[in-house]
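Asks: sequence? don't have it. structure:
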């Protein structure tokens, strides 16, 4: 039991610091360790966990908590979650601290101007990657297109659009 | 019996985010973000509804969150919490963002493992796929709104395009793409700042 907890801590602690560009970057490594190396779960179970963590509210990287739970119960979930989010959160805090202390400086303004168009590009890029990563057929593309139009042109609550998207795919038999 | 004094005026509340307000904001983000699109929900709550940050600060935090390793949206919560209220703000934001989703996810995972052999449950996956498709649209719509308000000039638009194509279409690893695009974008920003 202790051995499993240590493995969970080392695995997710390491992945936490390798996850450049977000949690999806380390999913292949996560799958290899959980399925092939440690045999905590089957490949279909890993896929289902991935789908759940994607569909559920909150960060997608919470799949770490699911893997921890499957490997070692609630204690495993706690260890995996702390290891996955602890190190990167400390780094993010340090980065924001440096940022906060340099308010008003000229170099900070230049960096902000340089980062803004890149951040907008990353928003579009993640949408493209998400569509290619899942099995996005024409019905799903249609839902995405309509949702994009509605959400960019109106102030309707996105929760209604989410419900409408679920209903649309159910009715379309997708 | 204590003498009654005139009630002093309460101390002026923090004009920005209080810790309970931070917790509450991220709790509703954590509750609403079914199917992903977290950054869009965070922006809606923190920039549009509560005006704790402006778009420029949000975008900076978003970009920094992508550069630092780890889950982007969790890093973004750390950045916003730290910006508004320091370490306690970080803890309030993280607790609000994660508590309910963790309980939901662990419950769903347990249910899934128990119902694995049950036929007739495929509609759940279909409904989730529909919500996911909408969540992607929410991402694009957020990008469009940010672009309308923050993209000034052809060079900035080209930087956005280069980022979108290299990472989204060509699948260049993020670290490599940023290592090339960021210095160029920074040089353009300094050059244009000098000309203003």
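Replies: It's in. Keep in mind that this is a model prediction, so the values were computed, not measured.
Asks: Is the residue most central in space within chain B within a helix or a strand, and which one?
Replies: In chain B, the residue lying closest to the centroid (C-alpha atoms, centre = their mean) is residue B:39, at 2.9 Å. Using DSSP states H and E, residue B:39 sits within helix B:38-43.
Asks: Report pLDDT for the residue nearest to the centre of chain B.
Replies: Looking at residue B:39, its pLDDT reads 84.
Asks: now residue B:117
Replies: pLDDT recorded at residue B:117 is 61.
Asks: Does the residue nearest to residue A:97 when sequence neighbours are not counted lie in a helix or a strand, and which?
Replies: Spatial nearest neighbour of residue A:97, chain neighbours left out: residue B:82 (6.5 Å); criterion: C-beta to C-beta, 6 or more residues apart in numbering or on different chains. The way it works is simple: take the backbone N, C-alpha and C, and place the C-beta from them, glycine included. Secondary structure assignment for residue B:82, by DSSP H and E: helix B:72-115.
Asks: following that helix, which helix or strand shows up next?
Replies: Following helix B:72-115 in sequence, per DSSP H and E, is helix B:122-150.
Asks: just how off-centre is that following helix within its chain?
Replies: Here the centre of helix B:122-150 is set off from its chain's centre by 14 Å, with C-alpha atoms, centre = their mean, to the nearest Å.
Asks: Please apply the same query to stretch B:51-71.
Replies: Computed by C-alpha atoms, centre = their mean, the chain-centroid distance of stretch B:51-71 equals 7 Å.
Asks: looking just at contacts, which helices and strands does the helix holding residue B:82 meet?
Replies: The helices and strands touching helix B:72-115, judged by 3 or more C-beta pairs under 8 Å, 6 or more residues apart in numbering or on different chains; DSSP states H and E, are helix A:43-55, helix A:63-101, helix B:19-32, helix B:38-43, helix B:55-67.
Asks: and of these, who's closest to residue B:151?
Replies: When the helices and strands packed on helix B:72-115 are compared by C-beta to C-beta, helix B:55-67 sits nearest residue B:151, at 10.6 Å.
Asks: Flag the shaky bits of chain A, pLDDT-wise.
Replies: A:20-22, A:24-25, A:133-135, A:174 (pLDDT under 70).
Asks: Centre-most residue in it?
Replies: Geometric middle of chain A (C-alpha atoms, centre = their mean) lands on residue A:60, at 3.2 Å.
Asks: Pretty sure that residue sits against residue B:71.
Replies: Yes - Residue A:60 sits in contact with residue B:71 when judged by C-beta atoms under 8 Å, with a separation of 7.2 Å.
Asks: Overlap of the contact sets of these two?
Replies: Shared contacts of residue A:60 and residue B:71 (C-beta atoms under 8 Å, 6 or more residues apart in numbering or on different chains): residue A:23.
Asks: picking up where we left off before, can you check the pLDDT for the residue nearest to residue A:97?
Replies: Note for residue B:82: predicted pLDDT of 92.
Asks: Also residue B:16?
Replies: 69.
Asks: mind checking the SS state of residue B:69?
Replies: The assignment at residue B:69 comes out as coil when based on DSSP: H, G, I helix; E, B strand; the rest coil.
Asks: Residue 155: neighbour count?
Replies: Unless you meant another one, I'm taking chain A. Using other C-beta atoms under 10 Å in any protein chain shown, the number of residues around residue A:155 comes to 6.
Asks: Oops, wrong one, chain B.
Replies: Other residues near residue B:155 come to 16 when the count uses other C-beta under 10 Å.
Asks: secondary structure class for it?
Replies: helix.
Asks: For it, which non-adjacent residue is closest in space?
Replies: In this structure, residue B:155 finds its nearest non-sequential neighbour in residue B:188, 4.9 Å apart by C-beta to C-beta, 6+ apart.
Asks: got the contact list for the helix or strand encompassing that neighbour?
Replies: Per DSSP H and E, residue B:188 falls inside helix B:174-195. For helix B:174-195, contacts defined as C-beta under 8 Å, 6+ apart pick out A:20-21, A:25, A:109-111, A:113-115, A:117-118, B:66-67, B:153, B:155-156, B:159, B:162-163, B:166-167.
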